[in-house]
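J.: quick one, what's the 3D model for this:
(2 chains)
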Amino acid sequence: SAVISQKPSRDICQRGTSLTIQCQVDSQVTMMFWYRQQPGQSLTLIATANQGSEATYESGFVIDKFPISRPNLTFSTLTVSNMSPEDSSIYLCSVAGSNQPQHFGDGTRLSIL
Amino acid sequence: QKEVEQNSGPLSVPEGAIASLNCTYSDRGSQSFFWYRQYSGKSPELIMFIYSNGDKEDGRFTAQLNKASQYVSLLIRDSQPSDSATYLCAVNGNFGNEKLTFGTGTRLTIIP
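T.: Next comes the predicted model:
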């Protein structure tokens, strides 16, 4: 399966600031997704990152809060904007090739003070 | 809205025994079913997937799917302490190409 590098692995941020998380894959993949895992909870999909077009957001997530880019088939970014303590979470990138199951990066552990 | 349900546990199983993890889903159109293992502080790791009714075996792991009952399970034979983790059931409508809907996960503890 593809090797997924997610950066940063963790960060502590001040409220009101923004953080951009990067997801780099070592091969071209069809699909890239961004998930959130709040403490003690399961995974919730934020959006599907579409190559060359706007991301597709799930209910409860909006582009102004979580802008996403995907300039090519191996790279995507998720920005968490105007952060508040409620945004403290693990953010996970996953990728899938054509007819392949999803695999996850190591995640970004984000704490907001 | 698609829902995936799992018993949150914790499920405690003696070492060497069979661990049985269960998952039900609400969307009859679901096509693909996945089991991920998540160790504390780590990201989910895919361990099994299945999309046809019946059993699929891989080493000590067996996934079982019953689409008529909307039920998928994971059996772990000869359980080891290293199997202690949270097991997440995930479902989607088309293999790999659609978003996954996750269950809340079952926390499994293997007792030495």
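J.: in the chain, which spans are strands?
T.: With no chain named, the answer covers chain A. Taking DSSP state E as the criterion, chain A carries its strands at A:4-7, A:10-13, A:19-25, A:31-37, A:43-49, A:56-57, A:68-72, A:75-80, A:89-96, A:103-104, A:108-112.
J.: please go with chain B instead
T.: Under DSSP E, chain B gives strands at B:4-6, B:11-14, B:19-25, B:32-38, B:45-50, B:54-58, B:61-66, B:71-76, B:85-92, B:101-102, B:106-111.
J.: got CSV for those strands, with mean neighbour count, mean pLDDT and distance to A:Pro85 too?
T.: For glycine as for every other residue, the C-beta is placed from the backbone atoms N, C-alpha and C. Formatted as CSV, these follow (neighbours: other C-beta atoms under 10 Å in any protein chain shown; pLDDT from 0 to 100; distance: least, C-beta to C-beta, whole Å):
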stretch, mean neighbour count, mean pLDDT, distance to A:Pro85
strand B:4-6, 20, 94, 28
strand B:11-14, 14, 97, 32
strand B:19-25, 20, 96, 32
strand B:32-38, 23, 96, 24
strand B:45-50, 18, 96, 29
strand B:54-58, 12, 96, 41
strand B:61-66, 18, 97, 39
strand B:71-76, 21, 97, 35
strand B:85-92, 24, 95, 24
strand B:101-102, 22, 93, 24
strand B:106-111, 18, 96, 26
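J.: in CSV, list those along with distance to A:Ala47.
T.: CSV is the format used below for the strands of chain B (distance: least, C-beta to C-beta, whole Å):
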stretch, distance to A:Ala47
strand B:4-6, 19
strand B:11-14, 33
strand B:19-25, 22
strand B:32-38, 20
strand B:45-50, 21
strand B:54-58, 31
strand B:61-66, 28
strand B:71-76, 26
strand B:85-92, 15
strand B:101-102, 15
strand B:106-111, 27
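J.: quick check: residues of chain B near chain A?
T.: Contact residues (C-beta under 8 Å from any C-beta of the partner chain) of chain B with chain A: B:32, B:34, B:36, B:42-46, B:49, B:88, B:95-97, B:99-105.
J.: make it 10 Å
T.: Residues of chain B that fall close to chain A, judged by C-beta under 10 Å from any C-beta of the partner chain: B:1, B:4, B:6, B:8, B:32, B:34, B:36, B:38, B:41-46, B:48-49, B:86, B:88-90, B:92, B:94-105.
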